[in-house]
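In: no sequence on hand, only this structure:
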Ligand SMILES: [Zn+2]
């Protein structure tokens, strides 16, 4: 079932803002751990990664070792890696063309932290989808802060 919203703790929301501002003007990135409920994605933890991209100002690359370690830790469930986050120091709240080109896992949540000129961080979530014809897209997912 396709989730309708994403639930994020206020403390995690604050931590993500802090990480995005600390990394700016470079992008920050990391993984989101959680599980699916009836109609929502519940985020239970965020795991910061070093940004391994060659050009950190306009791209990001999550350290795959973090992913491997998490997968090992989470093998007995119920939580799993359900998303990825990164920041847009240029303030754009939407996935970039590069994000879409890099997206490879349908169902994965993409959380984007848009940093504006005065240090506020807007947050948006997207679900990566792949159509039958192979076309990729992101559909917006409302974020509920709890
Ligand atoms: Zn991006």
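Out: All right, it came through fine. A quick note: this is a predicted structure, and the numbers were derived from the prediction, not measured. Residues are numbered from 1 along each chain as shown.
In: what lies in contact with stretch 37-53?
Out: Counting by CB atoms under 8 Å, 6 or more residues apart in numbering, the neighbours of stretch 37-53 from elsewhere in the structure are 1, 3-9, 12, 15-16, 19, 23, 26-36, 59-63, 66, 70, 79, 82-83, 85-86, 109, 141, 144. Yep, even glycine has a C-beta here, placed from its N, CA and C like the rest.
In: give me the buried entries from those.
Out: Buried residues within the contacts of stretch 37-53, counting neighbours by 16 or more other CB atoms under 10 Å: 3, 6-8, 12, 16, 19, 23, 26-34, 59-63, 66, 70, 79, 82-83, 85-86, 109, 141.
In: restricted to strands, list the residues you listed.
Out: The subset of these located in strands under the criterion DSSP state E comprises 6-8, 29-34, 82-83, 85-86, 109, 141.
In: can you verify residue 100 is assigned to a helix?
Out: Yes. Membership of residue 100 in a helix is supported by DSSP: H, G, I helix; E, B strand; the rest coil.
In: any bit of the longest helix seen in the chain sitting next to the ion?
Out: Identified as the longest helix of the chain according to DSSP state H is helix 10-23. No. In this structure, helix 10-23 remains apart from the ion according to CB under 5 Å from the ion; the gap is never smaller than 11.7 Å.
In: contact residues of this structure facing the ion?
Out: Proximity of the chain to the ion is confined to 96, 99 under the rule CB under 5 Å from the ion.
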